[in-house]
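Asks: Model the following, please.
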Amino acid sequence: MTRIEHSADQGRLLTVLGRRFDRNPGGKWPGGWFIRPELHVEYLDDELFCHDLCGFRRELHPNISKSWPVTIRPDWVCELLSPGHQKRDRIDKWNVLFRAKVPHYWIVDPEERLLEVHRWAPNGYEFALKATSGDVIRAEPFDAVEIRAAVLFGDEDDDE
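Replies: A predicted model of the protein is given here:
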């Protein structure tokens, strides 16, 4: 079961990123994405994961399947670490997402106020960015705009 803190952290990330990116391109924010919480995605070898957040580029996937589970590979996955589940996010999901060539994988540690941004590469995921609450970031694949990491962690209000 999801702890209330986990749900709040997930909702905050969805709100901050969704406002800027989960929209059609154009206007004040870049848009160009579908960003969804708690989406079940089936990968190679019938491996099924429910992701905290995942995103699909609208130009590549104009319609996300309404079937369960989704069988389209996400372009971005974000997992929030929870006590006792770090192995699942850092090893199990990591390996499956790498084999499926998911281009971007974020791991957020709400307790440590740490964001890790990874990008797919043929030899394994590479670190693209590590950020803490005091940083102003451009985090792949959402690097079209600066975001204060403190907003992602709920340490500051989003005044954008």
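Asks: hmm, which helix or strand of the protein has the shakiest average pLDDT?
Replies: Within the chain, no helix or strand scores below helix 86-87, which has a mean of 85 by mean pLDDT, DSSP states H and E.
Asks: give me the number of residues near the residue nearest to Gly55 when sequence neighbours are not counted?
Replies: Spatial nearest neighbour of Gly55, chain neighbours left out: Trp76 (4.0 Å); criterion: C-beta to C-beta, 6 or more residues apart in numbering. Yep, even glycine has a C-beta here, placed from its N, CA and C like the rest. Residues near Trp76, counting by other C-beta atoms under 10 Å, number 23.
Asks: Identify the bridge partners of Trp76.
Replies: Gly55, His104 (DSSP bridges).
Asks: do Val108 as well
Replies: Those that pair with Val108 in a beta bridge, by DSSP bridges, are Leu80, Leu115.
Asks: Surely it and Cys78 touch.
Replies: Yes - contact status for Val108 versus Cys78: in contact at 6.4 Å, counting by C-beta atoms under 8 Å.
Asks: shared neighbours, the two?
Replies: Each of Leu13 lies in contact with both Val108 and Cys78 under the rule C-beta atoms under 8 Å, 6 or more residues apart in numbering.
Asks: Roughly how far does the closest residue to Arg3 other than its chain neighbours sit from Glu111?
Replies: Of all residues not flanking Arg3 in the chain, Ser82 sits nearest, at 6.8 Å (C-beta to C-beta, 6+ apart). Counting by C-beta to C-beta, to the nearest Å, the gap from Ser82 to Glu111 is 9 Å.
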